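Chemist: here's a sequence, model it:
(chains A and B)
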Amino acid sequence: MQNNLFIYNSLSKKKELFKPLHPPFVGMYVCGPTVYSDAHLGHARPAITFDLLFRYLQHLGYEVRYVRNITDVGHLENDADEGEDKIQKKARFEHLEPMEVVQKYMNTFHKNMEQLNTLSPSIEPRATGHIIEQIELVKILINSGYAYESNGSVYFDILKYNQKYHYGKLSGRVLDELISNTRETEGAEEKHNSFDFALWKKANPEHLMKWPSPWSIGFPGWHLECSAMSIKYLGEQFDIHGGGMDLQFPHHECEIAQSTAALGKESVHYWIHNNMITINGQKMARSLGNFITLDQLFSGNHPLLSQPFSPMTIRFFILQAHYRSTVDFSNEALQGAEKGLQKLMKAVETLNKLKPSATSTIDVNELKQKCYQALDDDLNSPILLSHLFEGVKFINSIADGSEKIDSKGLETLKELFSTFVFEILGLKDETTGQSDEKLTGELMKIIIDIRQAAKNNKDWTVSDKIRNDLKNAGIILKDLKDGAEWERE
RNA sequence: GGUCGGUUAACCGAGUGGCUAGGUAGCGGUCUGCAAAACCGUUUACGGCGGUUCGAAUCCGCCACCGACCUCCA
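Modeler: Predicted coordinates:
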């Protein structure tokens, strides 16, 4: 199987030709959400980025196993292996079982992801469903000397690891600097070094989510699940591991260390990271009060939003930026995206009505080549869209009569749009089937107003025609003293 | 303080040592009963200061600002 896809590997910091280990199969693992609150804009970015990659790889003919985890235990409030579990904390606030919290926000996440038209992953494993696998991995790490037990908890020994391997290779951290920058925390310190990270944590008596293990009743460290589950479902070595740039350190760095120490070799061939989202130039954060959930975005129910923005507008907007750039949300920018998307979708409609000519004045094949080149260059969706808009101009010009296309070219153009717009970019036309009931009500109001105007002019021909035609369409109009009402037959 | 990335026109956002990105908005025109759409044309660019070069927005240096992660402080 051939491809010409170059993808930026965060590990080498270069664009590399994508060569799967076992074609036609591709294994891709992407870090999913910790489900302790509503899905927000930040979740949409990796979901759409890796959906695009998933779709494109499938389009190229690969059989992709796309694994995206759900973190439902072990992600603590701060990442220094201290503080409360995020899910447990939420459970305490909402008076729910931790698993109720997980279920609730996992459902919201799935709903939002479907609205954004992202394809479901092939496997969506949960950390709590893989406690045994995680314990087994800890055992291996202890036996090989890369982990140590301390007061019922188990920590990864980074100094030991760094003797043989290179800790910090992904994020560019230098261990000496980490050491010199670290101040010893006071009190009982279970870790040999403060930068060692937890593989297993002993639970306090009041802790809710805990499991038996050889070391204590406790719970797995946050980084461990991804190593355990990626190995389980994708094998000891696999092609792609993705996630947000904010996860590079410490999460992915720790994953590399764990997996490499346990397996004696590198697991992941291509590390791919999407950049972050900002709002009005500021990072999106709860503390800044500019935090927008996807539900709020879709409903417009947020003080920062001037109007609702549809899921496809969000998708289009995210695709209009390259995945490795930050993307800045603002009402103005989103309105621009909304209009642009409309223009694109309208052109697709126009395309379906075009009539071929005997000759062609445009070169569709060249356009098609350029579309593939854009994606092959590190999934450059903004460039792809610019080419598609070139196609939009073609389509409108043909409809206008200023350009011509032959039947073969027309066929290619239709295929091109259906492939790139719908199949690969995953956009869809939202206008059809959208709140038909509401629209019908508004249309009927308009019709009744027109008929009233006709009646006021004693134009009985028009007013009768409206009533009779409506009856033929299955709608009964009932004149009242003031105005009219309608019902279905 | 450390590491990395960024600063492009009204807004978003690509890209590149010399050649139009694209979308949205604005302006002028064609079309149109009016409008919308569409089409044609068009106005504001590459943070600052130096350097390399025949030529830099694109390469190098310094500075400023922004962001991410980390750290420190609280």
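
Chemist: where does the prediction get shaky in the stretch 301-450 of chain A?
Modeler: Scanning the stretch 301-450 of chain A for pLDDT under 70 picks out the ranges A:431-439.

Chemist: return the residues in contact with the residue of it found nearest RNA strand B.
Modeler: Closest approach between the stretch 301-450 of chain A and RNA strand B, counting by Cβ to the nearest atom of the strand: A:Gly340, at 2.2 Å. Every residue, glycine included, has its C-beta placed from N, CA and C. Shown in contact with A:Gly340 (Cβ atoms under 8 Å, 6 or more residues apart in numbering): A:Phe316, A:Gln320, A:Phe389.

Chemist: assign the residue of the stretch 51-200 of chain A found nearest RNA strand B to helix, strand or coil.
Modeler: Closest approach of the stretch 51-200 of chain A to RNA strand B (Cβ to the nearest atom of the strand) occurs at A:Gly172, with a separation of 3.2 Å. Local secondary structure at A:Gly172 is given as coil here, using DSSP: H, G, I helix; E, B strand; the rest coil.

Chemist: give me the number of residues near it?
Modeler: A:Gly172 has 10 neighbours, counted by other Cβ atoms under 10 Å.

Chemist: per-residue confidence at it?
Modeler: As predicted, A:Gly172 sits at a pLDDT of 79.

Chemist: mind naming the longest helix for chain A?
Modeler: Of all segments of type helix in chain A, defined using DSSP state H, the longest is helix A:331-353.

Chemist: can you tell me if stretch A:235-252 touches RNA strand B.
Modeler: Yes - counting by Cβ under 7 Å from any atom of the strand, contacts between stretch A:235-252 and RNA strand B involve A:Met245, A:Asp246, A:Gln248, A:Phe249, A:Pro250.

Chemist: got CSV for these, with pLDDT, neighbour count and secondary structure too?
Modeler: Formatted as CSV, those follow (pLDDT from 0 to 100; neighbours: other Cβ atoms under 10 Å; DSSP: H, G, I helix; E, B strand; the rest coil):
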residue, pLDDT, neighbour count, secondary structure
A:Met245, 88, 18, helix
A:Asp246, 86, 13, helix
A:Gln248, 88, 17, helix
A:Phe249, 85, 15, helix
A:Pro250, 86, 18, helix
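
Chemist: which residues does the residue in the stretch 151-300 of chain A that RNA strand B sits nearest to bridge with?
Modeler: Residue nearest to RNA strand B within the stretch 151-300 of chain A: A:Lys283 (2.3 Å; Cβ to the nearest atom of the strand). Beta bridges link A:Lys283 to A:Thr278 when assigned by DSSP bridges.

Chemist: follow-up on the earlier one: closest one to A:Leu76 out of the residues of stretch A:235-252 next to RNA strand B, please.
Modeler: A:Pro250 (12.2 Å; Cβ to Cβ).

Chemist: now for the residues of stretch A:235-252 next to RNA strand B, which pair is the farthest apart?
Modeler: Most distant of these, by Cβ to Cβ, are A:Met245 and A:Pro250, 13.1 Å apart.

Chemist: dihedrals phi and psi, A:Asp479?
Modeler: phi -80, psi 130 (degrees, to the nearest 10).

Chemist: what residues does the stretch 301-450 of chain A have near RNA strand B?
Modeler: A:317, A:320-322, A:325-328, A:330, A:332-333, A:335-337, A:339-340, A:343, A:346, A:380, A:382-383, A:385-386, A:389-390, A:392-393, A:396-397, A:399-400, A:402.

Chemist: selecting buried members of these in ChimeraX, what would you type?
Modeler: Buried subset of those, written as a ChimeraX selection, criterion 16 or more other Cβ atoms under 10 Å:
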select /A:317,320,321,322,327,337,340,380,383,385,392,396
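
Chemist: quick one on the thing from earlier: would you turn the contacts of A:Gly340 into a markdown table with secondary structure?
Modeler: Output for the contacts of A:Gly340, formatted as a markdown table (three-state DSSP):
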| residue | secondary structure |
| --- | --- |
| A:Phe316 | helix |
| A:Gln320 | coil |
| A:Phe389 | helix |
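
Chemist: between the residues you listed, which is nearest A:Trp211?
Modeler: Among these, and counting by Cβ to Cβ, the member closest to A:Trp211 is A:Phe316, at 43.6 Å.
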